[in-house]
Structures are given as structure tokens and as C-alpha cells.
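Peer 1: Got a predicted model here, sequence first, then my questions.
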Amino acid sequence: MLAGPFCTALLADVGAEVIKIEPPGGGDDSRHFAPRRGGEGGYFMLLNRGKKSVTLNLKSPRARELLYELVRKSDVFVENYRPGVAARLGVDYERLKAINPRLVYASISGFGQEGPLAQRPSYDIIAQAMSGLMSITGTPEGPPTRSGESLGDLVTGTYAAWGIMVALAARDRTGQGQHVDIAMLDSLFSYLVTAMAQYLYAGVEPRRIGNRHPMSTPYDTYRAKDGHAVIAVANEPMFRRFAAAIGRAELVEDERFSIDEERTRNEPALRAIIETWTAERSVAEIVAVLDAAGVPAGPIWSVGEIAESAHVRARGLLTELEHPTAGRITLMRGPVRFSATPTCIPSPPPLLGEHTGRVLGELAGLDAEALAVLRVEGAI
């Protein structure tokens, strides 16, 4: 419902023709998630921009044959099932490779296609829990905490898009497709670079420390007169600028704060000094002073504040268009900008089965009479 659709949305953003195969009747489960507009779930619309919807009942032999016809003319096949399900449906890699040896076949799952955990079901929170991420997220006195967004799915979908592009580049050299295996657990684990640096090279088991950075200080949220500001200082020249900006230039001569390692060891003492300065100022004042000094600092924006910000508008991260039942809708767009390969203005997310007739007509050569028979049979 998320990793696979996110992967293919990223590909659609740069011009891929993405044909989403859905079961007749209800379609993708996320079509029915609240909130809804015009009968379509907002979650579904954000993830399925720029795609075509074809309904195929893969339990029907005739529908599977139609899928094989699509595979013959496709570059990439993406499936997001638990290992074994694709084989039961007759759409596993070996089956489709025999039809199209140039096919890049991407399998997205919780734990991968092989290994001791491969057969276990997973959702994002399971991957976050078992990857180590939850163990280091949250405050020391609180419980392990899930990230506020489904990072396990989204990171995996991003890696899947990257893996597909690598496989396509390899195919350009060899003429052969391949199977790309992407697991949620693997993907999240690969992001733990700071934690693994501690574990592998310092023999330290990382722990929850709130918003602090485990190796750099000051790098945290700090109390302001009207909320909290984020300050991030990650090297010695920056700390000198920071100390001068808050009127405490002498801090660089204090042995407790002379280098990053000592500042981290003496973090409570440094925090007390910093918050005597920040607590007397608003977030906007703190950010303005530190920005002028070349020290990274920022407010904590809500989702609404970032969505409505001038930056999001200027970067084109949201776009509006007309949907046939939902009316005027806003969609997200991929964040990567190219100098010579512009991203596409997305078409509206498809209605269920909206493109079944057109796609099967163009790619499988079916006429209106044949399509009518297939509908009666329940294959489409």
C-alpha cells in the first residue's frame, strides 16, 4: 500500500509510464482510506499520481495471460507482496523472466526474498522496531518511539526506485534484465550510519537521547521565550561563531567545551548556558542572530507551516490539478530537480480501472467485443 506505490510514483514523476494493476471491485485498499474526497482516498491520490489503472483478477487464467502480454512489452515489473505470494499468483520472477528476459523485476517486502525472517509479514512499525531505529528514537525516560512518518516504507520505496534505475542501466550494457530484492528491514538498517559508527568503532550500544546528536554538541532543540528552536553546531569554527553570537566567546577557552567530544561529554552544563540566552528570546530572534553568524538554526514547523511555506511553493513540491470526481486537488511531487531532465507535471491519480480498455487495447490488442466478454467473465 505504500512502499511499492511510492517507488512507482517517483518513477512516474520522471516520465515512466506506470500501469497499476488492481483487483476488480475495490482495487487498492488505500483507495478507501480516510480522508476521502469525491470518493477517492487522499492517501491513494498522493501515492498514485501520474499512473494508469488496469483491473485484472489474477485468480483468472485469462487475466494472467493478459498480464503476460503486458509484461512482454514492459521494462519493469514491481511487486510488493510477502515472498511466495507472487508465485502463487503466477507472476513470480522466473515465470516473467521466461516471457521477457529484458525485464527488471523488483520485489519489495518486509524482510527480503531469503533469510531467516523472509516469510514474516511486516508493516512499517515492525521494520522500524526490528531495524534498531526505534531503540534510538525518543527520550531516555520514555519508551522506544516510532518516527512520525512511515519511514520504513518510504525509504524502501526510494531504494527500490534507485535499484530499478541501476538495473536498467546494467541492462543497457548487457541486454539482460534481473531481479532486484529490496527489504524494509535492510533499507532502514542501512540508514543507521551514526549509530553503527558508535557500535562498530567505539563499542558503544547507542541509546535514546531525545533530539540531541550523539557525537556533536550543541545539536538539539533549545527552549525559547515562545517555544523551541533547533541549533546545530558540528565543527570547531562553527562553535566559535556560535559562542560569539550568543555573547559568550570565552566558551571556546573552557576545557569543558574546547572540542566537540568534550562538549558532548559536558552537554548538560553547556545546555544550561545556552538556554540562559535562548530563553530570553523568541524563536525568530534566535534564528535571525544565528543565521547572521552562519550557524545553522531553525524553527520547528508544523506540517501546515511547511506545506504553506514560500519555500515549498518556490521549489514546486506541491501542485494543483483537476480530478474527475474529487475536483481541484493538491498533489506532492518528487523532490529531485534536474538541469536538463525536467520532472513531469503529474496527471491525476486514476479512477479504478480507468485505463483497462485503453491499455489492453493498445498493448494486448483486444477489441471492444473481447473486452466485453472479459468483463462478463470477471477477468477484468
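Peer 2: Noted; the coordinates are in hand. Numbering: from 1, shown residues only.
Peer 1: got a list of what Phe44 touches?
Peer 2: 28, 30-31, 33, 349 (Cβ atoms under 8 Å, 6 or more residues apart in numbering). (C-beta placed from N, C-alpha, C; glycine too.)
Peer 1: 10 Å instead?
Peer 2: 1, 5, 27-33, 36, 349-350, 352 (Cβ atoms under 10 Å, 6 or more residues apart in numbering).
Peer 1: Drop anything exposed from these.
Peer 2: 1, 5, 27-28, 30-31, 349-350, 352 (16 or more other Cβ atoms under 10 Å).
Peer 1: Out of those, which two sit at the greatest distance?
Peer 2: Met1 and Pro350 (16.0 Å; Cβ to Cβ).
Peer 1: so how many other residues sit close to Glu17?
Peer 2: Other residues lying near Glu17 total 12 when counted by other Cβ atoms under 10 Å.
Peer 1: For Gly50, see how far away it is.
Peer 2: 9 Å (Cβ to Cβ, to the nearest Å).
Peer 1: Verify the contact between Gly175 and Arg102 for me.
Peer 2: Yes. Proximity of Gly175 to Arg102 meets the contact threshold set by Cβ atoms under 10 Å, at 6.7 Å.
Peer 1: Those two - which one has more neighbours?
Peer 2: Arg102 (15 against 9).
Peer 1: Asp75 is in contact with the more buried one, correct?
Peer 2: Yes. Counting by Cβ under 10 Å, Arg102 touches Asp75, with 7.4 Å between them.
Peer 1: intersection of neighbour lists for the two?
Peer 2: Applying Cβ under 10 Å, 6+ apart, one finds that Arg102 and Asp75 are jointly contacted by 168, 171, 177.
Peer 1: Of those residues, which is the nearest to Gly157?
Peer 2: Closest to Gly157, out of all of these and judged by Cβ to Cβ, is Leu168, at 16.7 Å.
Peer 1: helix or strand for the spatially most central residue of the chain, which one?
Peer 2: The centre of the chain sits closest to Leu154, judged by Cα atoms, centre = their mean, with a distance of 2.4 Å. Assigned by DSSP states H and E, Leu154 belongs to helix 151-174.
Peer 1: Pull out the buried positions in that helix.
Peer 2: Buried, per 16+ other Cβ under 10 Å, within helix 151-174: 151-161, 163-165, 167, 171.
Peer 1: So which elements touch it?
Peer 2: Applying 3 or more Cβ pairs under 10 Å, 6 or more residues apart in numbering; DSSP states H and E, we find helix 151-174 packed against helix 3-13, strand 76-79, strand 104-109, helix 124-131, strand 178-183, helix 184-189.
Peer 1: could you dump the ones you listed to JSON lines with distance to Glu275?
Peer 2: What follows is the helices and strands packed on helix 151-174, written out as JSON lines (distance: least, Cβ to Cβ, whole Å):
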{"stretch": "helix 3-13", "distance to Glu275": "39"}
{"stretch": "strand 76-79", "distance to Glu275": "49"}
{"stretch": "strand 104-109", "distance to Glu275": "44"}
{"stretch": "helix 124-131", "distance to Glu275": "31"}
{"stretch": "strand 178-183", "distance to Glu275": "42"}
{"stretch": "helix 184-189", "distance to Glu275": "33"}
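Peer 1: The ones you listed: which one's closest to Arg281?
Peer 2: helix 124-131 (35.6 Å).
Peer 1: what angle separates that closest one from helix 3-13?
Peer 2: 100 degrees (axes from the mean of the first three to the mean of the last three Cα atoms, to 10 degrees).
Peer 1: Is it possible to get JSON lines of the helices and strands packed on helix 151-174 that adds distance to Tyr43 and mean pLDDT?
Peer 2: What follows is the helices and strands packed on helix 151-174, written out as JSON lines (distance: least, Cβ to Cβ, whole Å; pLDDT from 0 to 100):
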{"stretch": "helix 3-13", "distance to Tyr43": "9", "mean pLDDT": "97"}
{"stretch": "strand 76-79", "distance to Tyr43": "18", "mean pLDDT": "98"}
{"stretch": "strand 104-109", "distance to Tyr43": "18", "mean pLDDT": "98"}
{"stretch": "helix 124-131", "distance to Tyr43": "13", "mean pLDDT": "97"}
{"stretch": "strand 178-183", "distance to Tyr43": "21", "mean pLDDT": "98"}
{"stretch": "helix 184-189", "distance to Tyr43": "18", "mean pLDDT": "98"}
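Peer 1: Out of those, the one nearest Arg240 is which?
Peer 2: Across the helices and strands packed on helix 151-174, Arg240 has its closest neighbour in helix 184-189 (36.3 Å, Cβ to Cβ).
Peer 1: Could you tell me how far that closest one lies from the centre of the chain?
Peer 2: 12 Å (Cα atoms, centre = their mean, to the nearest Å).
Peer 1: Show residues contacting that helix.
Peer 2: Residues contacting helix 184-189 (Cβ under 10 Å, 6+ apart): 3, 108-112, 115, 117, 120, 122-124, 126-134, 147, 150-160, 183, 195-196.
Peer 1: my read is Val71 is in a strand, agree?
Peer 2: No. Checked against DSSP: H, G, I helix; E, B strand; the rest coil, Val71 lies outside a strand; its state is helix.
Peer 1: Does it touch Pro101 like I think?
Peer 2: No. Using Cβ under 10 Å, Val71 is not in contact with Pro101; the gap is 11.1 Å.
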